[in-house]
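> Below is the structure, and that's it, no one-letter string:
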């Protein structure tokens, strides 16, 4: 028997178990996928919708666990799912969850040309995962080098390209390796302030609203006089900064209006607050809040304020980006 025949027999002896192992592995993956697909189809409408909406951030292991557990355990799973992603467990709000669904709503408003909800489009997916781009350049038909309609989004200096081959409003993602912008992912939301500042010297484009909490502490409450302090708290992780040399700086502009039951302004306040730090200082402030104390005294306004329900309006603007967040709360005497 020739050496060639012996080698062929040895190769066959080696390959058969290897091929069998590959076939068994493939069958396990295939039937496992079919099983979880069937489980997903069996979900009730509420749980099916939830599972569908978190598709961009749920891990494979979490998805399988959610599909495997009994119905009565799924609400607790959802609660734990968001807790694991909460960047600041010390606050009542889960900023990650709020931001995720806020971006989903914005994607629905922004990307309406593809015959399905905006959050299910390629542009919607990237918007939800990485937020609004620092720059968004659109090329109508005939204006791009390829002659196709396309959009280029910039995160720092990294371009993300979407192409609409038919120029009918259906854009497909053409940039498949997004490793360079992983720090913009929602999983890193509480670090985006410094990440954005490092990306370029001046933050441009649309920036997400800065959130804040507030409380009223009345120290004097008599028939003729109400005195106290309004405490505004802004998580450092929600403040956007501009890089100036080695410093990170921004200005917060705060405006307050107290309106009586007839919608008349009876007290108002306005001021700006410059914040200056550096990357190390911002890292130390992670999980902490920037606090503003505003003292107030109400005397002449009291008769009008005691007539009915009053409302206190707060407007907070982050100068880096220029967007304003508005809050309203009852202020009754």
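That came in fine, so what should we check first? Keep in mind it's a predicted model, so treat the numbers as computed, not measured. Residues are numbered from 1 along each chain as shown.

> next SSE after the helix or strand bottoming out on mean pLDDT in the chain?
In the chain, no helix or strand scores lower on mean pLDDT, DSSP states H and E than helix 192-199, which sits at a mean of 37. Next helix or strand after helix 192-199 toward the C-terminus (DSSP states H and E): strand 213-221.

> Can you name every helix or strand that that following strand contacts?
Judged by 3 or more C-beta pairs under 8 Å, 6 or more residues apart in numbering; DSSP states H and E, strand 213-221 is in contact with strand 226-235. The C-beta positions use only the backbone N, C-alpha and C, and glycine is treated the same way.

> just how off-centre is the strand it packs on within its chain?
27 Å (C-alpha atoms, centre = their mean, to the nearest Å).

> just stretch 219-227 next, same as before
Worked out by C-alpha atoms, centre = their mean, stretch 219-227 lies 42 Å from the chain centre.

> buried stuff in that stretch?
residue 226 (16 or more other C-beta atoms under 10 Å).

> Closest to the centroid, which residue in the protein?
Residue closest to the mean C-alpha point of the chain, counted by C-alpha atoms, centre = their mean, is residue 99 at 3.4 Å.

> May I ask which helix or strand encompasses that one?
helix 95-110.

> now that helix against strand 226-235, angle please.
If you take axes from the mean of the first three to the mean of the last three C-alpha atoms, to 10 degrees, helix 95-110 sits at 80 degrees to strand 226-235.

> Which positions in the helix or strand following helix 95-110 come out as buried?
Downstream of helix 95-110, the first helix or strand assigned by DSSP H and E is helix 122-130. If you call a residue buried by 16+ other C-beta under 10 Å, then helix 122-130 has these buried ones: 122, 123, 124, 125, 126, 127, 128, 129, 130.

> Ok, stretch 167-182 next?
170, 171, 175, 178, 181.

> How much space separates the closest residue to the second one other than its chain neighbours from residue 281?
Nearest-residue entry for residue 171: residue 162, 4.0 Å, with adjacent residues in sequence omitted and distances by C-beta to C-beta, 6 or more residues apart in numbering. Here the distance between residue 162 and residue 281 works out to 37 Å (C-beta to C-beta, to the nearest Å).
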